[in-house]
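Can you look at this prediction? I've put the sequence above it.
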Amino acid sequence: MTNVTQLKPARDSEEWQLRVDLAAAFRLAVEMNWHESVGNHFSLAVSADGKQFLMNPKWRHFSTIRASDLQLLNADDDATMSRPDAPDCSAWAIHGGIHASVAHARCLLHLHPPYCTALAALDDPDFKPIDQNTARFYNRIAVDKDYGGIAEGKDEGRRLARILGNRSTMMMGNHGVLVAAPTVAEAWEHMYFLERAAQTMILAYSTGQKLNVMSPELAEKTARGWEDYSDSAFAHFEQLKLQLDKKDPSYKE
């Protein structure tokens with residue numbers, strides 16, 4: 001397989017808008033203090049089969065990412081890592097492997113945000129349904145407890161893809177978190193509430209008191225109730241982009 005072209009699309013194209021949204025997500029992650037040095041990666045499929053995808057280039061700080069900086073990669077292109085502009089090895093392993101295997105994972109956000117990572121470091125990284133935000137994820141999270149060190153090959157991505165399955169969230173034990181969604185806006189909203197829920201869990205655990213866990217019936221009812229608010233993800237993301245536009249619209253370049 002040959003690599004997909006790196007020519008940038010026209011500014012009025014669908015791909016360009018995808019680039020703008022993904023670039024906005026990087027900038028917003030900085031605003032939320034979710035970034036970590038020049039690591040962590042976001043990716044977004046642009047082809048129908050999900051195998052051609054956009055991803056941030058190697059070792060670029062999230063605060064500098066622009067739409068035009070995003071690399072267009074092909075998950076089936078085994079020569080990707082031999083090129084001078086090769087992406088980060090661990091990013092290619094994780095994102096390349098998942099995009100090659102999980103068609104519904106159009107947008108992938110992989111982060112090490114403070115509260116989710118703290119929860120992922122516990123022997124039991126489960127989100128107990130103790131409030132609306134934690135109940136949002138009731139029975140809806142895949143858990144990987146077989147961390148084997150920094151990812152080095154696409155076999156690791158395929159392993160993670162098998163664990164993720166048809167779910168949209170994965171707690172990566174001893175590592176961090178990964179969310180998958182059809183769009184950037186939905187992935188961002190998922191990550192936003194996931195970190196909020198993890199914060200609630202960590203704060204509740206810190207009291208040393210017994211958790212007031214919802215019944216399975218109430219937890220499931222609450223989780224399904226969130227589905228009625230799914231469109232709010234797009235409104236939230238647009239509001240956040242408006243804030244970016246006032247502060248620094250260079251992400252659109």
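Done, it's in. Numbering: from 1, shown residues only.

alpha carbons only for contacts and neighbour counts from here, please
Will do.

which residues does the residue lying closest to residue 89 once chain neighbours are set aside contact?
In this structure, residue 89 finds its nearest non-sequential neighbour in residue 152, 6.3 Å apart by C-alpha to C-alpha, 6 or more residues apart in numbering. Neighbour list for residue 152: 89-90, 93 [criterion: C-alpha atoms under 8 Å, 6 or more residues apart in numbering].

Filter these down to the ones in helices?
Secondary structure from DSSP state H places 89-90 of the contacts of residue 152 in helices.

Just send the contacts of residue 152 back as JSON lines, with neighbour count, distance to residue 19 and pLDDT too.
Supplementary listing: these in JSON lines, determined by neighbours: other C-alpha atoms under 10 Å; distance: C-alpha to C-alpha, whole Å; pLDDT from 0 to 100:
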{"residue": "89", "neighbour count": "17", "distance to residue 19": "22", "pLDDT": "94"}
{"residue": "90", "neighbour count": "19", "distance to residue 19": "22", "pLDDT": "94"}
{"residue": "93", "neighbour count": "22", "distance to residue 19": "21", "pLDDT": "94"}
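
Turn the contacts of residue 152 into a markdown table, columns for distance to residue 193.
Below are these laid out as a markdown table (distance: C-alpha to C-alpha, whole Å):
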| residue | distance to residue 193 |
| --- | --- |
| 89 | 29 |
| 90 | 26 |
| 93 | 26 |
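
Would you mind listing where this protein has pLDDT under the threshold?
Applying pLDDT under 70 to the chain picks out residues 1-7, 12.

Mind doing that once more with 50?
1-2, 5 (pLDDT under 50).

Going along the chain, name the helices of it.
Under DSSP H, the chain gives helices at 14-31, 89-91, 97-101, 114-120, 132-135, 154-164, 184-206, 216-225, 232-247.

Need the winner for burial among those helices.
A comparison of the helices of the chain by mean neighbour count, using mean count of other C-alpha atoms under 10 Å, puts helix 97-101 on top with a mean of 25.

Find the centremost residue of this structure, please.
residue 109 (1.4 Å; C-alpha atoms, centre = their mean).

Now do the contacts for that residue.
41-43, 178-180, 187-188, 191.

Take these and write them to TSV, including distance to residue 202.
Output for the contacts of residue 109, formatted as TSV (distance: C-alpha to C-alpha, whole Å):
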residue	distance to residue 202
41	25
42	25
43	28
178	19
179	20
180	23
187	22
188	21
191	16
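
and which of these is nearest to residue 134?
residue 191 (12.4 Å; C-alpha to C-alpha).

for that closest one, what are its contacts?
Contacts of residue 191 (C-alpha under 8 Å, 6+ apart): 109, 179.

now it: how far from residue 238?
According to C-alpha to C-alpha, to the nearest Å, residue 191 stands 16 Å off from residue 238.

Give the full set of residues in contact with the residue located most distally from the centre of the chain.
Each residue of the chain has a distance to the centre, and by C-alpha atoms, centre = their mean the biggest one is for residue 209: 31.9 Å. Going by C-alpha under 8 Å, 6+ apart, residue 209 touches no other residue.

Next, work out how far apart residue 94 and residue 48 are.
Per C-alpha to C-alpha, residue 94 is found 20 Å from residue 48.

between these two, who's got more neighbours?
More crowded of residue 94 and residue 48, by other C-alpha atoms under 10 Å: residue 94, with 25 against 9.

Quick check: closest non-adjacent residue to that one.
Nearest non-adjacent residue to residue 94 (C-alpha to C-alpha, 6+ apart): residue 157, at 4.1 Å.

That neighbour contacts residue 93, correct?
Yes. Counting by C-alpha atoms under 8 Å, residue 157 touches residue 93, with 5.3 Å between them.

Need the residues touching each of the two.
residue 151.

still on that earlier bit, next, work out how far apart the residue nearest to residue 89 and residue 90 are.
To residue 90, residue 152 is 6 Å away according to C-alpha to C-alpha.

Same question for residue 101.
From residue 101 to residue 90 the distance is 17 Å (C-alpha to C-alpha).
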